[in-house]
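[1] Got a predicted model here, sequence first, then my questions.
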Amino acid sequence: MTTTNFPKIDLHLHIDGSLSLPCFQTLASNVGLSMTDAQIRKAVIVSDTCQSLPEYLQCFELPTRLLQTEKALTLSTLDLIRNLEEQGLFYAELRFAPQHYTKQGLTQQQTVAAVLKGVDMAKKAGFHIRIGILLCMLVNGSPADNQETTELAVAYKDIGIAGLDLAGPESAVPMSEFQPLFHFAYQSGLPFTIHAGECGDYENISRAISFGARRIGHGCAARFSEDCMRLLEKEQTILEMCPTSNVQTKAVPTLSEHPIRMFFDRGIAVTVNTDNMTVSNTTLDKEYALLKKQFHFTDQELAKMSQTALRGTFCKL
């Protein structure tokens, strides 16, 4: 754990992509699956040769398989929060897609309750980290499932759910198809972020802002449009950037081409996050070290991004 002179905050963190190896072992054992650590690593940590977001998403097949019970969802949430506590984080927003975990009979509502139980258990255990939970719609999910996710997020907005998200293979479905659901969330006073401009086009970023998104997941494609960057500057919409993941999914070809330094220098509101700690084999401390080495970010500049993240949280702190 690295000690910083500013609060460590991760706004973009997927539960299923961030399970510890001991947690995987427990979950596998619970379903009668025997796997070595090496086998688990091969299944869930992205390879150095990953060439696309769809290839990256293949690393979620095992966690999706193992998280199909309430017990598994509660255990994994508690385990992740414990891990983040040990890393010294002040606040984290954990996100997951309820519809992913209904393949063996659970309802979306049961998955939400199971994750919130894990958060409650962490509080009772005396952990100091503060946690927000986001529900993810899926780009490639059914309209009925996505509507249910949105309605659940609104129903739980004062009892554990901090916000809404849209995740998945960005270019599979036009973002315009999700406008009615985000309009419902906006009218209900539920804040939301949207994966946009990760490996899709920059126009999705502008669309997301027009829907009322307070934050954008990744947003790397904004670098291709001066108009889009000006819009981000004007609106001060917060970008949840994840440098290691962005290279792995080929949102950017190489780390040296990542736009986080350019965005920061021109006044765009950027934050640094992990995305998927296990799949990307990273931590927030690793991301900080990466930014210091590659882009010469100072502690003062990292602290400024932390303050931006603090401003962008969906929970009242």
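    Perfect, I can see it now.
[2] All the helices of the stretch 1-150 of the chain, in order from the start?
    Taking DSSP state H, counting those that start in this stretch, the helices of the stretch 1-150 of the chain run over residues 21-30, 37-44, 53-57, 61-66, 70-86, 108-124, 143-155.
[3] among those helices, which is nearest residue 170?
    In this view, the helices of the stretch 1-150 of the chain are compared for proximity to residue 170 by C-beta to C-beta, and helix 53-57 is the closest at 7.2 Å. Every residue, glycine included, has its C-beta placed from N, CA and C.
[4] Pull out the buried residues from that closest one.
    For helix 53-57, burial by neighbour count (16 or more other C-beta atoms under 10 Å) applies to 53, 56-57.
[5] Touching the helix or strand bottoming out on mean pLDDT in the chain from outside, list them.
    The helix or strand of the chain with the lowest confidence, counting by mean pLDDT, DSSP states H and E, is helix 53-57 at a mean of 87. Applying C-beta atoms under 8 Å, 6 or more residues apart in numbering, the set of residues contacting helix 53-57 from outside is 46, 50, 168-170, 198-199, 245, 248-251, 279.
[6] Of those residues, which is the most crowded?
    residue 198 (28 neighbours; other C-beta atoms under 10 Å).
[7] Contacts only, for that residue.
    53, 170, 217-221, 246, 249, 251.
[8] among those residues, which are in helices?
    Of the positions in the contacts of residue 198, 53, 246 sit in helices, assigned by DSSP state H.
[9] For the contacts of residue 198, which two are the farthest from each other?
    53 and 219 (14.3 Å).
[10] The stretch 151-300 of the chain: helices as residue ranges?
    Going by DSSP H, counting those that start in this stretch, the stretch 151-300 of the chain shows helices at 179-187, 203-211, 226-235, 243-248, 260-265, 284-295, 299-312.
[11] got any ranges where the stretch 51-200 of the chain has weak pLDDT?
    By pLDDT under 70, the low-scoring segments of the stretch 51-200 of the chain are 200.
[12] And for residue 127, the neighbour number?
    17.
[13] surely it meets residue 85?
    Yes: in this structure residue 127 lies within contact range of residue 85 using C-beta atoms under 8 Å: 4.5 Å.
[14] For residue 82, which residues are in contact?
    Contacts of residue 82 (C-beta under 8 Å, 6+ apart): 122, 125, 127.
[15] quick one: contacts for the second one?
    This points to residue 125. Counting by C-beta under 8 Å, 6+ apart, residue 125 touches 78, 82.
[16] For it, give its distance to residue 79.
    Distance, residue 125 to residue 79, using C-beta to C-beta, to the nearest Å: 11 Å.
[17] go on, the last one?
    When C-beta to C-beta is applied, the distance between residue 127 and residue 79 equals 12 Å.
[18] Ok, the first one next?
    Here residue 122 is placed at a distance of 10 Å from residue 79 (C-beta to C-beta).
[19] What separation do you get for residue 191 and residue 162?
    On the measure of C-beta to C-beta, residue 191 and residue 162 end up 7 Å apart.
[20] joint contacts of these two?
    Here residue 191 and residue 162 have residue 314 as joint contacts, going by C-beta under 8 Å, 6+ apart.
[21] wait, doesn't residue 70 sit right on residue 112?
    No: Residue 70 lies out of contact with residue 112 (C-beta under 8 Å); the separation is 10.3 Å.
[22] The two: which is more packed in?
    residue 112 (25 against 17).
[23] Quick one: residues contacting the more buried one.
    With contacts defined as C-beta under 8 Å, 6+ apart, residue 112 is in contact with 98, 135, 152, 156, 160-161.
[24] unless I'm mixing things up, residue 23 is touching residue 81, no?
    No: contact criterion C-beta under 8 Å: residue 23 and residue 81 do not qualify, at 11.4 Å.
[25] report the longest strand in this structure, please.
    Counting residues, the longest strand found in the chain (DSSP state E) is strand 130-138.
[26] That concludes my questions; thank you for your assistance.
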